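Peer 1: Sharing a model prediction with you, sequence too.
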Amino acid sequence: MTPSAAGPAPPGGFLEFQNISKRFGTIQAVEGVSLEIRKGEIFSLLGPSGCGKTTMLRLAAGFEQPDAGRIILDGRDITDLPPNKRRINTIFQSYALFPHMTVRDNIAYGLRVAKKPKSEIEAEVEKMLHLVRMTDQAGKKPDQLSGGQKQRVAIARALINKPSVLLLDEPLAALDLKLRQRMLIELDLIHDEVGLTFLYVTHDQGEAMSLSDRIAVMEKGRIEQVGTPAEIYEAPRTSFVAAFIGDTNFLEGEVVDIQDGEYSRLRIEGLPEIVCFNDKTIRPGNSVFLSIRPEKVHISRDRPEESRLRNILPAKVEDVIYLGSMTKYWVRTGDHRIQALRQHARIFLDEKPIRWKDEVWIWWHGDDGFMLERYRERDESLIAAPPQNLEESPEDEDKG
Amino acid sequence: MRRSRFPFIVTVAALLFLYLPILVLVVNSFNASRFGGGWRGFSLVWYIRLFHEPAIWQAARTTLIIALSATAVSVILGTTAALALHRYSKSRLQRAHFALIYMPLVMPEILMGISLLMLFVSAGLPLGLGTIFLAHVTFCLSFVAMVVLARLQDFDESVIEASRDLGAGGWTTFRKIRLPLLWPGILAGGLLAFTLSVDDFVITFFVAGPGSTTLPIRIYSMIKHGSPPLINALSTILLVLTFAAVALSQRLSRPKTKEAA
């Protein structure tokens, strides 16, 4: 997470979407979305392709007009302003550099069309070239640059206009993994340096998690949840969010009773009763989905000590996937397949590594599961085939 | 493995079929013989004679005036048409527009010539430079529009959005981004229009009036009055010019190879 250079954000939105709807032909791209983005923060719109996040960005830039709703920037209604009259600049996914102009001319473009004095343009361009470390490439044309360099030119070209908000449309999608990680750090540094508001659109949860102050998870043209990366990961409000952000295990069950008003006991078919923290208004008799992150599930050959809030289940290993820094185990308990992610192949040094077909014990703490009210049909696909993302880092639990 | 010679033979045969007549013409233009037939030695006499034929120079001038003006006007109209077709490609009106623009490319020239002649006569326009110019614009603009439209189809519209985003208005964006990026296509279309105008015979034949003879028509009448060696020389010059223009046009309209990221 990035502390904003602009200091603590004032309450209320700097860029506000008020009840925005947008339809393309028969497709409802955005439906009644309201969002408040604070001054100086990095705000991400995260969601699968087709969720409406890019439409939101294009609405903010002025490339599209909403069918309903208003867009407010710093207290001014900008809904009807054309793109060139908004103090908002965009970094395009394809960079959209002008191929017939040099790096220097690309960067100077915004000031030139604004008819700024020549000396000022030159000074500003030098400053920007320096900021993105492209001074020695200033005479080149875009097709002589690498992906990362083009990216930096696009950033400089957008920043030179001193926009109130910078829109970034999957700016790292075209780069390879190593470069993406480096550019992510650079974007963060640039944000700290210039201290303006970033609206970042991505489908990559890793990018959104590591860069954002806050994230809005979008699906089917609606906002599923808005929160800090830690909130989104640790306390997803819907099963879509739980499944989309990182991996998770889902178990379908029914609430039996509530103990001390804090913990619920769940009945899940084929398993002993499960204890789970209940921070929601879930009543006995309700059908729920229990979600447990794979990294919260412990696995061992030896039966762990009993404890009131510990859920302990016998299981059989069905798959062992070595991921380098982590090992993922798919185990079966009752009729349920559960994945566990552990950093070491064994718990104790003198213990044999866990292998395929081993009988093991899995357990997790009652606080580590969370209950979600019945997930909707459409989330099924996400749960049936959990996304296997080798780069995802489950250390996010340290956040917040 | 022995490679089949068949493709090679077919290629040579096809090239001979296409270019042998032209080759004969070019070789004959350097032939000292007055009546063609046998080779009487290399000579530039016909080229020199060509420079002392005022009728030919007059025709060349007419041709050039028409070609240049028709090209200029059809480039502007054709490009405008292509921009409209591209921008509103989904509207029904533009689909009708496309059909109208496309028509002259497939319509028999003789049909166009006759219909234009009838139009000009019934409109009371005196046949001459003006009518040839109008006729040439009619078909040239279609070619320009098609070449520019092809160029527009792989145009990256996001640079237009980027320009707007950076604060440029519609006209500035057109002048500073769209036009420079479209320029090779426009130029290619213009060169194509120029070549078509220079060597058009059929349509020109119908709409030309007295005193407005173009080169192709002059050549035709020279054949009738029998001075083949002069025609050979003239044709060779035209051939070289046409090849140069077409080659340049193709070079410009070739889409740029996508650069590696």
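Peer 2: Thanks, I have it.
Peer 1: Could you use CA atoms for every contact and neighbour count after this?
Peer 2: OK.
Peer 1: quick one, phi psi at residue B:168?
Peer 2: Reported as degrees, to the nearest 10, the phi and psi values for residue B:168 are phi -90, psi 140.
Peer 1: What are the contacting residues of stretch B:243-252?
Peer 2: Around stretch B:243-252, the neighbours that count as contacts under C-alpha atoms under 8 Å, 6 or more residues apart in numbering or on different chains are B:184-185, B:187-189, B:191-192, B:195.
Peer 1: mind putting those in JSON lines, neighbour count included?
Peer 2: Rendered in JSON lines, the data for the contacts of stretch B:243-252 read as follows (neighbours: other C-alpha atoms under 10 Å in any protein chain shown):
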{"residue": "B:184", "neighbour count": "20"}
{"residue": "B:185", "neighbour count": "29"}
{"residue": "B:187", "neighbour count": "19"}
{"residue": "B:188", "neighbour count": "26"}
{"residue": "B:189", "neighbour count": "30"}
{"residue": "B:191", "neighbour count": "25"}
{"residue": "B:192", "neighbour count": "24"}
{"residue": "B:195", "neighbour count": "21"}
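Peer 1: Just the ones of those residues in helices?
Peer 2: For the contacts of stretch B:243-252, the ones inside helices are B:184-185, B:187-189, B:191-192, B:195, with DSSP state H as the criterion.
Peer 1: Out of these, which is nearest to residue B:113?
Peer 2: When these are compared for distance to residue B:113, the smallest value, 18.1 Å, is given by residue B:195; criterion: C-alpha to C-alpha.
Peer 1: quick one: pLDDT of the nearest residue to the closest one once chain neighbours are set aside?
Peer 2: Beyond its immediate neighbours in the sequence, the residue positioned closest to residue B:195 (C-alpha to C-alpha, 6 or more residues apart in numbering or on different chains) is residue B:242, lying 6.1 Å away. Listed pLDDT for residue B:242 reads 81.
Peer 1: And residue A:379, by the same measure?
Peer 2: In this prediction residue A:379 is given a pLDDT of 45.
Peer 1: How about the one 3 residues further on?
Peer 2: Per-residue confidence (pLDDT) for residue A:382: 45.
Peer 1: ok, back up a step: buried residues in the stretch of helix or strand the residue nearest to residue B:195 belongs to, which are they?
Peer 2: Per DSSP states H and E, residue B:242 falls inside helix B:228-253. Neighbour counts over helix B:228-253 (16 or more other C-alpha atoms under 10 Å in any protein chain shown) mark B:228-236, B:238, B:242, B:245-246, B:249, B:252-253 as buried.
Peer 1: do the same with stretch A:333-342
Peer 2: A:333, A:336-342.
Peer 1: now swap in stretch A:44-55 and tell me
Peer 2: Going by neighbour count (16+ other C-alpha under 10 Å), the buried part of stretch A:44-55 is A:44-48, A:50-55.
Peer 1: contact partners of that stretch?
Peer 2: A:29-30, A:64, A:169, A:199-205, A:208, A:212, A:214-222, A:244.
Peer 1: And stretch B:199-214, by the same measure?
Peer 2: B:59-60, B:62-63, B:109-110, B:112-114, B:116-117, B:126-129, B:131-132, B:135-136, B:215-217.
Peer 1: I'd like the average pLDDT over stretch A:253-261.
Peer 2: Per-residue pLDDT over stretch A:253-261 has a mean of 80.
Peer 1: Return the distance of it from the chain's centre.
Peer 2: 32 Å (C-alpha atoms, centre = their mean, to the nearest Å).
Peer 1: follow-up on the earlier one: of the contacts of stretch A:44-55, which belong to strands?
Peer 2: Among the contacts of stretch A:44-55, the subset assigned to strands under DSSP state E consists of A:29-30, A:169, A:199-202, A:214-219, A:222.
Peer 1: And the helices in chain B, which stretches?
Peer 2: Listed in chain order, the helices of chain B (DSSP H) span B:6-29, B:45-50, B:54-87, B:92-106, B:109-123, B:129-153, B:158-165, B:170-173, B:179-199, B:202-207, B:215-224, B:228-253.
Peer 1: For the nearest residue to residue B:63 once chain neighbours are set aside, what are phi and psi?
Peer 2: Closest residue in space to residue B:63, ignoring its immediate chain neighbours: residue B:214 at 4.9 Å, by C-alpha to C-alpha, 6+ apart. Backbone geometry at residue B:214, expressed as degrees, to the nearest 10, gives phi -90, psi 170.
Peer 1: How many residues are close by residue B:214?
Peer 2: For residue B:214, the neighbour count with other C-alpha atoms under 10 Å in any protein chain shown is 28.
Peer 1: Could you report the separation of it from residue B:53?
Peer 2: The span separating residue B:214 from residue B:53 equals 14 Å under the rule C-alpha to C-alpha, to the nearest Å.
Peer 1: Tell me where the model's unsure across the stretch 101-250 of chain A.
Peer 2: Segments of the stretch 101-250 of chain A classed as low confidence (criterion: pLDDT under 70) are not present in this model.
Peer 1: show me where it has strands.
Peer 2: Counting by DSSP state E, counting those that start in this stretch, the stretch 101-250 of chain A has strands at residues A:165-169, A:197-202, A:214-219, A:222-227, A:249-259.
Peer 1: Dump the ones you listed into JSON lines; add distance to residue A:284 and mean neighbour count as well.
Peer 2: Shown next, in JSON lines, are the strands of the stretch 101-250 of chain A (distance: least, C-alpha to C-alpha, whole Å; neighbours: other C-alpha atoms under 10 Å in any protein chain shown):
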{"stretch": "strand A:165-169", "distance to residue A:284": "45", "mean neighbour count": "24"}
{"stretch": "strand A:197-202", "distance to residue A:284": "39", "mean neighbour count": "24"}
{"stretch": "strand A:214-219", "distance to residue A:284": "29", "mean neighbour count": "25"}
{"stretch": "strand A:222-227", "distance to residue A:284": "25", "mean neighbour count": "19"}
{"stretch": "strand A:249-259", "distance to residue A:284": "5", "mean neighbour count": "19"}
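Peer 1: Just send these back as a markdown table, with distance to chain B too.
Peer 2: Conversion of those to a markdown table gives the following (distance: least, C-alpha to the nearest C-alpha, whole Å):
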| stretch | distance to chain B |
| --- | --- |
| strand A:165-169 | 11 |
| strand A:197-202 | 15 |
| strand A:214-219 | 24 |
| strand A:222-227 | 26 |
| strand A:249-259 | 38 |
